[in-house]
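> Next input, structure requested:
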Amino acid sequence: MEPVSSRAASVLRFSEDRDPAALTQFVRLRVIDPERAYWRRGIEAATRWLRETGESELRVPFTYVTPEDWGALGGHPLGVFVADQRRYYREGTLDASRVNELEQLGMVWSVHASAWDAGLAVARDYAAVHGHFLPPTTAVWGGDGFPIGVWAKNMRASARRSHENAVRRANGETGLSYAGELSESRVEALNEIDPGWAPQGWDVAWQRSYRLLLAHVQAGGVVPAVPGEVVVQGEDLAAWVAAQRAGWDGLVAAQQWLLESVGVEPLGEGEAAVPTRRTQADRWATHLAAARQFHAREGHLRVPRKHVEELAGEVGEGSTAVRLGGWLDNTRRRADKLAAERRAELDELGMRW
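You can find the predicted model right below:
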């Protein structure tokens, strides 16, 4: 049986005179309205949790219980309390005044929505700096090293699923789940950042290089012809242009039109293709993938100097031999010249500088 507090015990001594106001309060909280007492205690515990942790949002772990040294607030299942309020909110049974009170404390109604908001904020910042929102999958951004490349990849996959399902529904197919789709409002929010963030018909790497070339031309530059002449964000634009001209017939009509609009044309009759080379970004991505594969297998990044990592390829393709040990050693030697983004990618793997 739950122990009775000294204050409650004094009210329950029927052999003594009792304060009518205290008795009324006791009956209301313990008998008539115990839920309201639970609510007030939860709000007080949430307020103190914010003060003690320094957090700006009410993002409390589900298993969190307030410490016993919090006095009257000790032992409160605050994580469960917050989760209950989210559930009532979703069900539409949470009183508007309580919704307002929780929002004043920075309530996070949906953990998924919060992750979206965080990603969108980083996406805006990334696009403001780079001039586009087409990050490579390996990209991280922001002070906390947010994996914006993976986030963008997931958003593109969700947008693609939404589009495919919309076509299937328009064709009369029923019973399709909306799980994993990207809502119209979220698509619009990303379109506002960069209308070309999710290209249709070609990959993101092509779109990124095209956008970098477009920005270069719009800034008054000319289409580069010599490899290494113009390298932007790790992309050798001359090498990329040469590859597009050489593989013109493999491009879709829209890609050809975009290239022609910035002054890139297919090879003329008898014109030889300019030898191309892998871009710096390509080489970095390959070695980083090898480092991640090694770390996932070994649990560390202490790679012997002569180690060669066999990097697994896509389905149906062979592996690639990557001289990982030598690359890491060389990377350490030029650590002061590395972009913060690239250094952060290796820091995540426990790189010893």
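> wait, what's in contact with the residue nearest to residue 56 when sequence neighbours are not counted?
Using C-beta to C-beta, 6 or more residues apart in numbering and skipping residues adjacent in sequence, the residue nearest residue 56 is residue 106, 5.7 Å away. Where you see a C-beta, it was placed from the backbone N, CA and C, and this is true even at glycine. Going by C-beta atoms under 8 Å, 6 or more residues apart in numbering, residue 106 touches 50, 55-58.
> Of those residues, which belong to helices?
Counted as lying in helices by DSSP state H, out of the contacts of residue 106, are residue 50.
> Neighbour-wise, which one of the contacts of residue 106 leads?
residue 58 (21 neighbours; other C-beta atoms under 10 Å).
> For that one, report the pLDDT, please.
pLDDT, residue 58: 87.
> Would you reformat the contacts of residue 106 as JSON lines and include distance to residue 71?
Formatted as JSON lines, those follow (distance: C-beta to C-beta, whole Å):
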{"residue": "50", "distance to residue 71": "17"}
{"residue": "55", "distance to residue 71": "21"}
{"residue": "56", "distance to residue 71": "25"}
{"residue": "57", "distance to residue 71": "25"}
{"residue": "58", "distance to residue 71": "21"}
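> quick check, nearest of the contacts of residue 106 to residue 169?
Of all these, residue 169 sits closest to residue 57, with 36.1 Å by C-beta to C-beta.
> how near is the residue nearest to the closest one when sequence neighbours are not counted to residue 53?
Leaving aside its sequence neighbours, residue 57 sits nearest to residue 106 (C-beta to C-beta, 6+ apart; 4.3 Å). Distance from residue 106 to residue 53, counting by C-beta to C-beta, to the nearest Å: 12 Å.
> Could you tell me the end-to-end distance of stretch 129-139?
Using C-alpha to C-alpha, to the nearest Å, the end-to-end distance of stretch 129-139 comes to 13 Å.
> got it, and stretch 59-73?
Counting by C-alpha to C-alpha, you get 18 Å between the two ends of stretch 59-73.
> Flag every buried residue along it.
Within stretch 59-73, the residues that count as buried by 16 or more other C-beta atoms under 10 Å are 60, 64, 66, 73.
> As TSV, those residues with secondary structure would be great.
Converted to TSV, these look like this (DSSP: H, G, I helix; E, B strand; the rest coil):
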residue	secondary structure
60	coil
64	coil
66	coil
73	helix
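> now, which of the residues you listed sits nearest residue 203?
Nearest to residue 203 among these, with distances taken as C-beta to C-beta, is residue 60, at 40.8 Å.
> thinking the closest one is in contact with residue 79, fair?
Yes - Residue 60 is within contact range of residue 79, at 5.0 Å (criterion: C-beta atoms under 8 Å).
> ok, so what distance separates residue 133 from residue 144?
Residue 133 is 18 Å from residue 144, where distance means C-beta to C-beta.
> Residue 290 too?
25 Å.
> cool, and residue 350?
Applying C-beta to C-beta, the value for residue 350 to residue 144 is 17 Å.
> same question, residue 328
Remark: distance between residue 328 and residue 144 (C-beta to C-beta) = 24 Å.
> Got phi/psi on the closest residue to residue 205 other than its chain neighbours?
Closest residue to residue 205 apart from its sequence neighbours, by C-beta to C-beta, 6+ apart: residue 136 at 7.3 Å. In terms of degrees, to the nearest 10, the main-chain angles of residue 136 are phi -70, psi 160.
> same deal with residue 321?
Main-chain torsions, residue 321, degrees, to the nearest 10: phi -80, psi 120.
> Please enumerate the helices of the chain.
Using DSSP H, the helices of the chain run over 6-12, 20-27, 34-53, 78-91, 96-104, 111-130, 148-170, 184-193, 204-218, 237-246, 253-261, 280-298, 324-333, 340-347.
> The nearest residue to residue 183 once chain neighbours are set aside: neighbour count?
Nearest non-adjacent residue to residue 183, counting by C-beta to C-beta, 6+ apart: residue 162, 7.8 Å away. If you count neighbours by other C-beta under 10 Å, residue 162 ends up with 18.
> Also the one 3 residues further on?
A count of nearby residues for residue 165, using other C-beta under 10 Å, gives 16.
> mind checking pLDDT for it?
89.
> if I pick the closest residue to it other than its chain neighbours, what's in contact with it?
Closest residue to residue 165 in three dimensions, ignoring its sequence neighbours and counting by C-beta to C-beta, 6+ apart: residue 176, at 5.2 Å. Contacts of residue 176 were listed using C-beta under 8 Å, 6+ apart, and they are 165, 168-169.
> want to try CSV for the residues you listed, with distance to residue 220 as columns?
Formatted as CSV, the contacts of residue 176 follow (distance: C-beta to C-beta, whole Å):
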residue, distance to residue 220
165, 44
168, 46
169, 47
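> of these, closest to residue 236?
Nearest to residue 236, judged by C-beta to C-beta, of the contacts of residue 176 is residue 165 at 38.5 Å.
> State the distance from residue 107 to residue 171.
To residue 171, residue 107 is 41 Å away according to C-beta to C-beta.
> The two: who's more crowded?
When neighbours are counted by other C-beta under 10 Å, residue 107 and residue 171 differ, and residue 107 comes out ahead with 20 against 7.
> quick one: the more buried one and residue 88 touch, right?
No - between residue 107 and residue 88 there is no contact under C-beta under 8 Å: 11.7 Å.
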